[in-house]
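**Student:** can you look at this prediction? I've put the sequence above it.
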There are 2 protein chains.
Amino acid sequence: MAVSSLRCIQSLGFSSRGRAFFPVGDCSRANARKSMNCRLVFASAKNSDRDLCVESKVETLLDSVKWDDKGLAVAIAQNIDTGAILMQGFVNRDALATTISSRKATFYSRSRSSLWTKGETSKNFINVHDIFLDCDRDSIIYLGKPDGPTCHTGSETCYYTSVNDFLEHKQIEGSRQALTTLYSLESTISQRKAELAVPQHVKPSWTKRLLLDSKFLCSKIREEADELCRTIEENEHGTRTASEMGDVLYHAMVLLALKDVKVEDVLDVLRHRFSQSGIEEKRSRGQQNEA
Amino acid sequence: MAVSSLRCIQSLGFSSRGRAFFPVGDCSRANARKSMNCRLVFASAKNSDRDLCVESKVETLLDSVKWDDKGLAVAIAQNIDTGAILMQGFVNRDALATTISSRKATFYSRSRSSLWTKGETSKNFINVHDIFLDCDRDSIIYLGKPDGPTCHTGSETCYYTSVNDFLEHKQIEGSRQALTTLYSLESTISQRKAELAVPQHVKPSWTKRLLLDSKFLCSKIREEADELCRTIEENEHGTRTASEMGDVLYHAMVLLALKDVKVEDVLDVLRHRFSQSGIEEKRSRGQQNEA
């Protein structure tokens, strides 16, 4: 791993609406060589024109961040498949540069005054697929896939304390993850499944009935898919389509629970298909072969 | 709107694993009346036992936050249905207390040294359904539903600048929202639909074929639902279930695009069903009536 020292001095443009933007300028070797004075870690020691060009652009990007009086910005790690907010930390210039080059979510520890890469101890790295800056350029999303639970407590995410639960006097510690709608529904279905193993808790419910009778569940999935199709065949209103799609999703998720498959697994499949030229291209090729 | 002054002096417990937790103590009027010295805004002026109890618990909660040297913590607003990170700001004690009571995402403006509620100018409030604290108690999620675009630029979220796009020399300003897998797929399908209106851009693709032939699309949706069911009927491996569910989702999302229905609309339907006693209870009741 090479450490190159360079700094791009490039003025940043600002649009009339107050948004900063990156200049998409020339990245010639000469231009890049104007650079000096900034540490930036790169995975490759090769100083080809392309490397210098990338280094130059990374420096421009780092210059565009609105660092606070301590040289920091907020960085939020988000699961690319589920959207779950995994953790939040702070980054300085070096931490962000390291994340860009290593693709492992890296932060600046304010208590230890040093860089740290999430997973360096636990091996539960967060593999960063893309990074997004906000309109003010002082807040960053690391959009990535975690190798395992993110929280040092072993929890999937660091956000497991619900204010609603606390105010309603429920058990507070590790009470409930901050789940969005789809994962909240998945969690409910999973609870119903768990309750089936404890006979005294078996209150009748639709989900339990579906879980106990896979033949009936399958008939419902086929029926709901048919009803979804009929909203287009019979030119029904979009609200009806949304409702029928809700039914398809819910019943299909009960089947996923029965098969111990997570929604996240399904999204992982979709992401890989789309990043490998996409379902549509794959299907399109298949179709051409058939033709 | 009443402003009550109270402060709960309650010691906080810490578990052996380093997680702070809230004491679930007695909330009698006497206990609450020990409180003094902290401004907390409540929507109701009624000082019933229950109000005092809630006030007392809110104070305990506010005491448990690890405020920084400026009295601030990070607050991240997240869309409860899509999981999109809408914006990030900072909160002080008053901002968090105001959000708890008003259920509108409220922040502390470091530049103006004052509270501000997102939407007070634009009317695009973020309606907070729950609030989550992280393991360190210095980072907060406002999980809520936005009334409209969150960013002052009119963008759905403030995170629309992709580092990948910048480094790959693509158009940078407003280039691409930080979309997770499902919404990235939705965006791709939407682009294919838009391309159909511009004949010179019509490269063949599977999605376009489906969009152009709704009869064929519906036959695919029914077929994929059937294949999903067969993974349980024929006891296939979970990886096959995940793959077939991916197919169901993708094809159903093409139908949603044709009907101009967003995935977010579907999740909104599901959230409302579950918060109104749930699909399963509703269905269960229906079932009992049938029986």
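**Tutor:** Here it is on my side, so go on. Numbering: from 1, shown residues only, chains lettered A, B, ... in the order given.
**Student:** now do the SS call for residue A:74.
**Tutor:** strand (DSSP: H, G, I helix; E, B strand; the rest coil).
**Student:** immediately after the one helix or strand residue A:252 maps to, which helix or strand?
**Tutor:** Assigned by DSSP states H and E, residue A:252 falls within helix A:238-258. As assigned by DSSP H and E, the chain's next helix or strand after helix A:238-258 is helix A:263-275.
**Student:** that older thread, avg pLDDT for the helix holding residue A:252?
**Tutor:** The average pLDDT within helix A:238-258 is 98.
**Student:** so which bits of it are buried?
**Tutor:** Residues A:240-258 are the ones in helix A:238-258 that count as buried (16 or more other C-beta atoms under 10 Å in any protein chain shown). C-betas here are computed from N, CA, C, even on glycine.
**Student:** likewise stretch A:70-78?
**Tutor:** Quick answer for stretch A:70-78 (16+ other C-beta under 10 Å): A:72, A:73, A:74, A:75, A:76, A:77, A:78.
**Student:** just how off-centre is the helix holding residue A:252 within its chain?
**Tutor:** 23 Å (C-alpha atoms, centre = their mean, to the nearest Å).
**Student:** all strands of the stretch 101-250 of chain A, in order?
**Tutor:** Taking DSSP state E, counting those that start in this stretch to define them, one finds strands in the stretch 101-250 of chain A at A:106-109, A:114-117, A:126-134, A:139-146, A:159-162.
**Student:** out of those strands, which comes closest to residue B:212?
**Tutor:** Among the strands of the stretch 101-250 of chain A, the nearest to residue B:212 by C-beta to C-beta is strand A:126-134 (31.3 Å).
**Student:** for that closest one, which helices and strands make contact with it?
**Tutor:** Applying 3 or more C-beta pairs under 8 Å, 6 or more residues apart in numbering or on different chains; DSSP states H and E, one finds that strand A:126-134 contacts helix A:93-102, strand A:139-146, strand B:159-162, helix B:163-167.
**Student:** neighbouring strands for the second one, and are they parallel or not?
**Tutor:** When you say that, I think you mean strand A:139-146. Neighbouring strands of strand A:139-146 in its sheet, by DSSP bridges, are strand A:73-79 (parallel), strand A:126-134 (antiparallel).
**Student:** okay if I get the ones you listed as CSV plus distance to residue B:272 and mean pLDDT?
**Tutor:** Formatted as CSV, the strands paired with strand A:139-146 follow (distance: least, C-beta to C-beta, whole Å; pLDDT from 0 to 100):
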stretch, distance to residue B:272, mean pLDDT
strand A:73-79, 25, 98
strand A:126-134, 30, 97
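**Student:** state the phi and psi torsions of the most centrally placed residue in chain A.
**Tutor:** Nearest to the geometric centre of chain A sits residue A:80, at 2.1 Å (C-alpha atoms, centre = their mean). The phi/psi pair for residue A:80 (degrees, to the nearest 10) reads phi -60, psi -30.
**Student:** residues in contact with it?
**Tutor:** With contact set as C-beta atoms under 8 Å, 6 or more residues apart in numbering or on different chains, residue A:80 has these partners: A:129, A:143, A:144, A:145, A:271, B:180, B:181.
**Student:** neighbour-wise, which of those residues leads?
**Tutor:** Using other C-beta atoms under 10 Å in any protein chain shown as the neighbour criterion, residue A:143 leads these with 28 neighbours.
**Student:** who does that residue bridge with?
**Tutor:** Under the criterion used (DSSP bridges), residue A:143 bridges to residue A:78, residue A:130.
**Student:** also residue A:117?
**Tutor:** residue A:106.
**Student:** against residue B:139, how distant is it?
**Tutor:** The spacing between residue A:117 and residue B:139, counted by C-beta to C-beta, to the nearest Å, is 19 Å.
**Student:** ok, those two, which is more surrounded?
**Tutor:** Between residue A:117 and residue B:139, counted using other C-beta under 10 Å, the more crowded position is residue B:139 (24 against 16).
**Student:** quickly list the domain ranges of chain A.
**Tutor:** Annotated domains of chain A cover A:2-64, A:73-146, A:179-260 [automatic domain parsing].
**Student:** quick one: low-confidence ranges for the stretch 151-291 of chain A?
**Tutor:** Applying pLDDT under 70 to the stretch 151-291 of chain A flags residues A:169-175, A:201-202, A:276-291.
**Student:** what does the stretch 1-150 of chain A give?
**Tutor:** A:1-47.
**Student:** mind listing what the residue in chain A that chain B sits nearest to touches?
**Tutor:** Chain B sits closest to residue A:83 of chain A, with a gap of 2.4 Å, by C-beta to the nearest C-beta. Taking C-beta under 8 Å, 6+ apart, we find residue A:83 in contact with A:180, B:78, B:82, B:83, B:84, B:180.
**Student:** please apply the same query to residue A:193.
**Tutor:** Here residue A:193 is in contact with A:211, A:257, A:258 (C-beta under 8 Å, 6+ apart).
**Student:** again, only using 7 Å
**Tutor:** If a contact means C-beta atoms under 7 Å, 6 or more residues apart in numbering or on different chains, then residue A:193 has A:211, A:257 as its contacts.
**Student:** please apply the same query to residue A:229.
**Tutor:** Contacts of residue A:229 (C-beta under 7 Å, 6+ apart): B:218, B:221, B:222.
**Student:** can you put the residues you listed in a markdown table and add neighbour count and distance to residue A:150?
**Tutor:** Shown next, in a markdown table, are the contacts of residue A:229 (neighbours: other C-beta atoms under 10 Å in any protein chain shown; distance: C-beta to C-beta, whole Å):
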| residue | neighbour count | distance to residue A:150 |
| --- | --- | --- |
| B:218 | 21 | 41 |
| B:221 | 24 | 36 |
| B:222 | 16 | 39 |
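**Student:** out of those, the closest to residue B:168 would be?
**Tutor:** residue B:221 (35.0 Å).
**Student:** before we move on, the earlier item: Serialize the strands of the stretch 101-250 of chain A to CSV and add fields for distance to residue A:196.
**Tutor:** Output for the strands of the stretch 101-250 of chain A, formatted as CSV (distance: least, C-beta to C-beta, whole Å):
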stretch, distance to residue A:196
strand A:106-109, 42
strand A:114-117, 42
strand A:126-134, 35
strand A:139-146, 30
strand A:159-162, 25
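**Student:** the ones you listed: which one's closest to residue B:230?
**Tutor:** Among the strands of the stretch 101-250 of chain A, the nearest to residue B:230 by C-beta to C-beta is strand A:139-146 (29.4 Å).
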